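Novice: Build the 3D model from these lines:
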Amino acid sequence: MTRFQPDELTRNGFLGGRIQLWQPRHGYRAGVDPVLLAAAVPAKTGQSVLELGCGAGAAILTLHGRVSGLHLQGVELQPAYADLGRRNGAENDANLTVTCCDLTSLPPELRQMQFDHVIANPPYYRAGAHSGAVDAGRRTALGEETPLALWVEVAARRLAPKGYLHMIQRTDRLPDILMACEGHLGSVEVLPLSARLGRASDLVILRARKGGKAAFRLHAPLILHEGARHEKDGESYRAEIRAVLRDGAAIPWPESE
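Specialist: From the prediction side, this is the model:
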C-alpha cells in the first residue's frame, strides 16, 4: 500500500489538540509512548532532530508542538505511513522532511547529515512475535525486522558530536540496547516508566550521548498514574504526566548530581 484512502483514516488530537494527526483507522495507531519519548528530549529552537521509524509522525510532531523552530527529518520504511508523516507535518506547520527507506540503507544525502538529536521508538517485540497480526502496517510497527543494535548504530552515525539519542523500549529489551551502545555512545541514562507506585517498569526511556564520558545512571522510576490500582473509570495520570500529555510539558528528567 502506497497511500491510505480517506475512509481508512481518523484525525486525532495530541497535546490537548495542539497537534492534529491523521492515523490509520485499523493499522498502527500512536498512544502515549511516542509523546513521552518526545517529552524527554531537551531540544532547543534551531536544533535538528532525526526520527528513525517516524510512522505518521506522532513523536517528532509532538516534539515540534513543545519546541518551535526545529529542523525535523523522519525516516520511515512503510510508504503509506511516510506519506501520512509528510501530510501531518505540513498540516501542523512543521519543518519536517520524511524519507521513505530502510534505516540501514539511508540515501546519500542523509548519510551526509548530522543531527543534534536522534529519537526512536523501535518495534517492541522480537521478530515473529506479531506474525499473526491481521494488519501488515501494525505487524511491521510492532515486530522487529531490524535488530536493535542496528538502530543504535545508525543513530550514533547520524548524531553530531555531543548529540543525544533518546529511545523508548520495553524494559526486557534494555540489555540489548545497553550492549548496542558500547563503543558508539556514552553518558547513558535510563529512566524506567512505571504505571503505578510499586509496579515493575514495563518501559524505559534511554538517553545516550555521542562522545559522552559520564558514568551510567539508572534513575528512579517515573510513575505515570495516581494510586496503587485503577479504581474508577476515567483518567488517572499524575499531574506532571498530565501536563506532558495535555499541555506539552517536558518530562521532569532527573537532574545530574
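Novice: Residues in contact with the host helix or strand of Arg157: which ones?
Specialist: Element membership for Arg157, per DSSP states H and E: helix 148-158. When contacts are defined by C-beta atoms under 8 Å, 6 or more residues apart in numbering, helix 148-158 is touched by residues 50, 52-53, 103-104, 106, 110-111, 113-115, 118, 120, 122, 165, 167, 169, 173, 176-177, 179-181, 184-185, 210. Placement of C-beta: from N, CA and C, glycine included.
Novice: show me where the stretch 51-200 of the chain has helices.
Specialist: Here the stretch 51-200 of the chain has its helices, by DSSP state H, counting those that start in this stretch, at 58-66, 79-91, 108-111, 136-142, 148-158, 174-181.
Novice: Let me have those helices in TSV, extended by mean pLDDT.
Specialist: What follows is the helices of the stretch 51-200 of the chain, written out as TSV (pLDDT from 0 to 100):
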stretch	mean pLDDT
helix 58-66	98
helix 79-91	97
helix 108-111	96
helix 136-142	47
helix 148-158	97
helix 174-181	97
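Novice: Can you say which of those is packed in most?
Specialist: Mean neighbour count, computed with mean count of other C-beta atoms under 10 Å, is highest for helix 58-66 among those, reaching a mean of 26.
Novice: Contacts for it, please.
Specialist: Here helix 58-66 makes contact (C-beta under 8 Å, 6+ apart) with 14-15, 18-19, 21, 30, 34-35, 37-39, 41, 43, 49, 51, 54, 70, 72, 74, 88-89, 92, 94, 96, 119, 121, 248-250.
Novice: Would you mind writing the CA trace of stretch 37-45 as PDB?
Specialist: C-alpha atoms of stretch 37-45 as PDB (Å, rounded to 0.1, in the frame of the first residue of the first chain):
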ATOM      1  CA  LEU A  37       9.600   9.900  24.200                       C
ATOM      2  CA  ALA A  38       9.300  13.400  22.700                       C
ATOM      3  CA  ALA A  39       8.900  15.000  26.100                       C
ATOM      4  CA  ALA A  40      12.200  13.600  27.200                       C
ATOM      5  CA  VAL A  41      14.200  15.300  24.500                       C
ATOM      6  CA  PRO A  42      16.000  18.500  25.700                       C
ATOM      7  CA  ALA A  43      15.800  20.100  22.200                       C
ATOM      8  CA  LYS A  44      16.200  23.800  21.700                       C
ATOM      9  CA  THR A  45      14.900  26.100  18.900                       C
END
